[in-house]
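> Structure of the sequence below:
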Amino acid sequence: MTEWKIFLDLQCPYSKVFWEKLPSIQEKFGSKYIFTRHITSLVFHPQAFDAQCAVTLVGNIRGMEIRRKYEDALFENQESYMNSALGDAKKSDVVAVLANIAEKVDGLFDESFTRENFVEKIQDWELCIKPAYEEHKVALGYNVYGTPKHVINGQLMVDTESSWSADEWATYLESQGL
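Got it, this is the predicted structure:
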């Protein structure tokens, strides 16, 4: 099967629009494509890299299944860490919001990984910052400079829209010979 890499920014409203459409797209194309989600952060979304570090931390401590649930929770609660909600917030305020959202995810926190561990480790170079930056460099390697972006079979798909339905994607993919 062909890989369909999806690059999303957790603070990007257009990424959220696509994230909402993703289940129907996966349902329509799941027999032809292996979908992988990748997080990157756009420079003009001030909380995006903190959110990316948070999901990286969760993935490294709790595994990819819980990471995906946390990514979903971040999209569901995106308005709570948008610029309009936080203004010129301190990093500790942003981390508190991200931890509040993490508390909503079943199985994320337990006696071995607590909210306090999350807050303490979210700025850890080896667990969060360096791997989040490595994931960001993967996006740059595909010339992904905005979100959401799609790389199918190693090729960046151009002129796509976050609002496309599964049927609109079918038309586009056919026009690309995919």
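> following the strand or helix carrying Val138, which helix or strand comes up?
Using DSSP states H and E, the element containing Val138 is helix 130-141. Downstream of helix 130-141, the first helix or strand assigned by DSSP H and E is strand 149-152.
> Partner strands of the very next helix or strand once past that following strand and their direction?
Later in the chain than strand 149-152, the nearest helix or strand by DSSP H and E is strand 155-156. With DSSP bridges as the test, strand 155-156 is paired with strand 149-152 (antiparallel).
> With adjacent residues omitted, what lies nearest to Asp50?
Spatial nearest neighbour of Asp50, excluding adjacent residues (Cβ to Cβ, 6 or more residues apart in numbering): Val94 at 5.0 Å. Glycine gets a C-beta too; all of them are placed from N, C-alpha and C.
> brain fart, His38
In space, His38 is closest to Phe7, 4.9 Å off (Cβ to Cβ, 6+ apart).
> Helix or strand: which one has the one you found?
Following DSSP H and E, one finds Phe7 within strand 2-8.
> any idea which residue sits dead centre in this structure?
Nearest to the mean C-alpha position of the chain, by Cα atoms, centre = their mean, lies Ile39 at 3.8 Å.
> buried sites along the worst-scoring helix or strand of the chain on mean pLDDT?
Across the helices and strands of the chain, mean pLDDT, DSSP states H and E gives its lowest value to helix 83-86, namely a mean of 86. Buried residues in helix 83-86, counted by 16 or more other Cβ atoms under 10 Å: none are found.
> after it, next one along is what?
Next element after helix 83-86 (DSSP H and E): helix 91-102.
> Please save the CA atoms from that following helix in PDB.
Output of helix 91-102 as PDB, limited to C-alpha atoms (Å, rounded to 0.1, in the frame of the first residue of the first chain):
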ATOM      1  CA  LYS A  91       5.300  29.500  28.800                       C
ATOM      2  CA  SER A  92       4.100  28.200  32.200                       C
ATOM      3  CA  ASP A  93       0.600  29.400  31.300                       C
ATOM      4  CA  VAL A  94       0.700  27.600  28.000                       C
ATOM      5  CA  VAL A  95       2.000  24.400  29.600                       C
ATOM      6  CA  ALA A  96      -0.800  24.600  32.200                       C
ATOM      7  CA  VAL A  97      -3.400  24.700  29.400                       C
ATOM      8  CA  LEU A  98      -1.700  21.800  27.600                       C
ATOM      9  CA  ALA A  99      -1.700  19.800  30.900                       C
ATOM     10  CA  ASN A 100      -5.400  20.600  31.500                       C
ATOM     11  CA  ILE A 101      -6.200  19.100  28.100                       C
ATOM     12  CA  ALA A 102      -3.900  16.100  28.900                       C
END
